[in-house]
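*Asks:* Quick one: sequence and predicted model below, then my questions.
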Amino acid sequence: QQQVKQSPQSLIVQKGGIPIINCAYENTAFDYFPWYQQFPGKGPALLIAIRPDVSEKKEGRFTISFNKSAKQFSLHIMDSQPGDSATYFCAALGGETSGSRLTFGEGTQLTVNP
Amino acid sequence: DAGVIQSPRHEVTEMGQEVTLRCKPISGHNSLFWYRQTMMRGLELLIYFNNNVPIDDSGMPEDRFSAKMPNASFSTLKIQPSEPRDSAVYFCASSTRFLGLAGGDRTDTQYFGPGTRLTVL
């Protein structure tokens, strides 16, 4: 119940394409859903995050879509660039009584070809 | 702000040796997390501290692993004795704890350090 399932495992798009990464969860106590971006040799860095009281959040070229009833959320990268090539992790944080434990998805390795 | 600082960045050691990884969280942050990342298991939370107190160590693989946080600006993760299966990248992350709407403890954004790549031969 604590798992977050992420797909696809890897994704290759052309520059300008719109890669979409999907995540699903079971625990309805999760109430904070961040996405992290990780470049080789670096630590994960927060990219964008959403709470379940909204269905969409946009920051620059990155958009999170959230479907509370389906317990799914996804990351869309508009006008993708080669510099977006990285591994992306979705994550979920438990409710008030679940402490500070972030549960991460398995990661998606994105390659954006020039 | 310098961000989360980890040392060493790379560590190569032989099986059976003691390994100590170090972390300095972002100043003012009162939650600290230790993660391990491998290709097979992804990102795993090992342990986290709130105000220097260990809160959840259920992710620590076994007794060979121990973590301490003697003060708000320093934490260590020790492996003794080390084994080849401990080879991984170890990340430290920090965040600011705040009270949630219902009064429970909450943390949101975790800031990760650059990691320590550990190789145990």
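*Replies:* It's in.

*Asks:* Student question: in chain A, what's the helix or strand with minimum average pLDDT?
*Replies:* Counting by mean pLDDT, DSSP states H and E, the weakest-scoring helix or strand in chain A turns out to be strand A:102-104, with a mean of 87.

*Asks:* List of residues touching the helix or strand following it?
*Replies:* Following strand A:102-104 in sequence order, the next helix or strand is strand A:108-113 (DSSP states H and E). With contacts defined as CB atoms under 8 Å, 6 or more residues apart in numbering or on different chains, strand A:108-113 is touched by A:6-15, A:17, A:19, A:21, A:77, A:80-89. Using the backbone N, CA and C atoms, a C-beta is placed for each residue, glycine as well.

*Asks:* mean confidence for strand A:108-113?
*Replies:* For strand A:108-113, mean pLDDT is 97.

*Asks:* again, but for stretch A:25-36
*Replies:* Mean predicted lDDT for stretch A:25-36 stands at 89.

*Asks:* now stretch A:58-65
*Replies:* 95.

*Asks:* first to last residue in that stretch, what's the distance?
*Replies:* End-to-end distance of stretch A:58-65 (CA to CA, to the nearest Å): 9 Å.

*Asks:* and chain B, which of the contacts of strand A:108-113 contact it?
*Replies:* Residues of the contacts of strand A:108-113 in contact with chain B (CB under 8 Å from any CB of the partner chain): A:F89.

*Asks:* next helix or strand past the helix or strand of chain B with the lowest mean pLDDT?
*Replies:* Across the helices and strands of chain B, mean confidence by mean pLDDT, DSSP H and E is lowest for strand B:105-107: a mean of 55. As assigned by DSSP H and E, the chain's next helix or strand after strand B:105-107 is strand B:111-112.

*Asks:* what sits up against that following strand?
*Replies:* In contact with strand B:111-112 (CB under 8 Å, 6+ apart) are residues A:36, A:43-46, B:3-4, B:26, B:29, B:35, B:91-95.

*Asks:* Looking at these, spot the one nearest B:E83.
*Replies:* Nearest to B:E83 among the contacts of strand B:111-112: B:Y35, at 18.7 Å, using CB to CB.

*Asks:* Which residue is the nearest non-sequential neighbour of that closest one?
*Replies:* Using CB to CB, 6 or more residues apart in numbering or on different chains and skipping the chain neighbours, the partner closest in space to B:Y35 is B:F91 (4.4 Å).

*Asks:* is stretch A:35-46 up against chain B anywhere?
*Replies:* Yes. Against chain B, stretch A:35-46 shows contacts by CB under 8 Å from any CB at A:Y36, A:G41, A:K42, A:G43, A:P44, A:A45, A:L46.

*Asks:* out of the residues you listed, which is most surrounded?
*Replies:* For these, the largest number of neighbours (other CB atoms under 10 Å in any protein chain shown) sits with A:P44, at 27 neighbours.

*Asks:* That residue and A:N67: what is the separation?
*Replies:* According to CB to CB, to the nearest Å, A:P44 and A:N67 sit 24 Å apart.

*Asks:* Show me which residues of stretch A:12-22 are buried.
*Replies:* By neighbour count, with 16 or more other CB atoms under 10 Å in any protein chain shown as the criterion, the buried positions of stretch A:12-22 are A:V13, A:P19, A:I20, A:I21, A:N22.

*Asks:* Correction: the previous question concerned stretch B:2-17.
*Replies:* In stretch B:2-17, counting by 16+ other CB under 10 Å, buried: B:V4, B:Q6, B:E11, B:T13.
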